[in-house]
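Q: Fold the following.
(one chain, ligands or ions: 1)
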Amino acid sequence: MLARIIQFLVVLAASTIGLTIFHANANPDVKSASLTPAVGKVKGLNIVVTGGSSGIAYEAIHKFVERGATVYLTSRSPDRAREAATRINEEAKTKECPMGYGDPVGTAVGLGLDLTDGTSIDAFTKSLSLALGDEKLDILVLNAGMVYPSDFQGEYSVTLAENAPPVDRQIAANHLGHFKLVSNLKPKLTESRIIMTTSVSHWLGTSFAEDGVTGAVPQNAGPWPVREAYSPPEVFGLYGASKLQNVLFAFALQRRLPDSTVVLFTPGFCSTKIGNSDRAEGLFNVLDWIPFTNTAKQGGDMLLASAKVSKEESTGKILFPYWLAEGAGDYLGNGLLRGMFHNFIQELLLQKFSQSRVYASPAKSIAYDVTLQDKLWEWSEKSVTPA
Ligand SMILES: NC(=O)c1ccc[n+]([C@@H]2O[C@H](COP(=O)([O-])OP(=O)(O)OC[C@H]3O[C@@H](n4cnc5c(N)ncnc54)[C@H](OP(=O)(O)O)[C@@H]3O)[C@@H](O)[C@H]2O)c1
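A: As a prediction, the model looks like this:
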């Protein structure tokens, strides 16, 4: 039986790739480009990275610090943030300085930030503003993100504004909290680079909330459907919606901050602590045992590439660590089926075969809908309290 399933998957993958090679670049407006991954010069820059206590960002921050940047990294737990910063600073001291980057004079600073809590976002903004003084923020990485662990115990609903309806925690952590953070930090964002960590799962998000779960924007004024418990497909659908929100938000933000550069990337499928309720260092991680996952460090390399890539190369695209079969849309549509193809066939099974490059590829086509982008913006404004 297993052999038959594997045979089916291989044939499906091979035939889809074959078909898509002939139909690549089906979206005439946004073409893919293959870029060379590299770490840029960051010496002396102020960088904020949300969710730097583990995973892909934790790995990338090492390189920023080794090359002389001041990095403010965050965790929901101030202790975890400080411990991660201490480890990074200690390790940076032991590294040989790469040619041409000068002495490693960078520092990591750990701060508490819970993106599902408006008070925490405001407190973080105050601490950061004090630390920055008159200086601007050079790079803001909106990276923190979550998927409900299977043993999730907490509240599914949270409120980010006093009179706003409750929202789902994944939507709050992955999108709304970042929206509020950007609003708070706007005075510090001048000719800055804003990097957002999205996912190929954004294909699973839709523009309507008929199924009550996957909508990118709520269609009515009522609360986001907040349940007692979610089934795994619902959790993943919500995750996809939050990642589509990242893309819509990024494109809308680029229009509103034309002098800044907004870059979207996905790390690919990486073995990190995502979806794991245990946040302690070095414990068993089920993702380590799934074949074809990339390491957290490989995912971190995508973040580093996002700090370097030019505005021309990245605008209106998502950086992927693998070649994206754009033509798949001709056969699979632009919805769930295509999302599953990209998630489960291309990423889960095939990302290893093209991982040494960075590809700038189009997002799901509804992400380019300016009306939808603005609708999400308006809903987000109503759902958070300004600082
Ligand atoms: N791993 C993958 O395969 C994959 C694929 C595509 C996209 N991504 C995206 O990559 C990003 C980073 O995830 P990762 O894979 O590196 O997972 P990770 O190891 O779990 O890291 C997630 C980070 O986000 C922080 N975080 C979680 N919930 C938060 C909240 N409510 N408020 C503030 N911070 C919060 C965590 O900090 P604490 O737990 O210490 O608070 C941690 O530092 C996410 O946006 C994820 O969606 C990952």
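Q: Can you name the residues of the stretch 151-300 of the chain sitting close to the ligand?
A: Where the stretch 151-300 of the chain comes near the ligand, counting by C-beta under 6 Å from any ligand atom, the residues are Ala173, Thr197, Ser199, Thr266, Pro267, Phe269, Cys270, Thr272, Lys273, Ile274, Arg279. Any C-beta I mention is one placed from the backbone N, CA and C, and that applies to glycine too.
Q: Enumerate every residue touching the most centrally placed residue in the chain.
A: What sits nearest the mean C-alpha location of the chain, by C-alpha atoms, centre = their mean, is Thr197, with 1.8 Å. Contact analysis of Thr197 by C-beta atoms under 8 Å, 6 or more residues apart in numbering lists Ile56, Ala57, Val141, Leu142, Asn143, Gly145, Asn246, Phe265, Thr266, Pro267, Leu303.
Q: Can I get the buried part of the residues of the stretch 151-300 of the chain next to the ligand as one PyMOL selection?
A: This is how PyMOL selects the buried members of these, with burial counted by 16 or more other C-beta atoms under 10 Å:
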select buried, resi 173+197+199+266+267+269+270+272+273+274
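Q: Now for the residues of the stretch 151-300 of the chain next to the ligand: which two are most distant?
A: Thr266 and Arg279 (22.2 Å; C-beta to C-beta).
Q: In helices, which of the contacts of Thr197 appear?
A: Taking DSSP state H, the ones among the contacts of Thr197 that sit in helices are Ile56, Ala57, Asn246, Leu303.
Q: from those residues, which is closest to the ligand?
A: The ligand has its nearest neighbour among these in Ile56, at 4.1 Å by C-beta to the nearest ligand atom.
Q: mind checking how far the closest one is from Arg255?
A: 27 Å (C-beta to C-beta, to the nearest Å).
Q: Tell me which of those two has more neighbours.
A: Neighbours per residue (other C-beta atoms under 10 Å) separate Ile56 from Arg255, with Ile56 holding more: 30 against 12.
Q: where does the chain dip in pLDDT?
A: Along the chain, the model assigns pLDDT under 70 to residues 1-39, 96-104, 210-213, 219-225, 282-284, 354-356.
Q: One more pass at 80, please.
A: Applying pLDDT under 80 to the chain flags residues 1-40, 95-105, 163-165, 208-214, 218-229, 278-292, 335, 349-350, 352-357, 386-387.
Q: By proximity to the ligand, which residue of the stretch 101-250 of the chain wins?
A: For the stretch 101-250 of the chain, C-beta to the nearest ligand atom, closest residue to the ligand: Gly145, 2.4 Å.
Q: Next, count neighbours for that residue.
A: Counted with other C-beta under 10 Å, Gly145 comes out at 26.
Q: cool, and Glu83?
A: Neighbours of Glu83 under the rule other C-beta under 10 Å: 15.
Q: contacting residues for it?
A: With C-beta under 8 Å, 6+ apart, Glu83 has these contacts: Ser53, Gly110, Glu281.
Q: which SSE is it in?
A: In the assignment (DSSP states H and E), Glu83 maps to helix 78-94.
Q: do that helix and the ligand meet at all?
A: Yes. Interface with the ligand: helix 78-94 contributes Arg80 (C-beta under 6 Å from any ligand atom).
Q: Great, nothing more from me.
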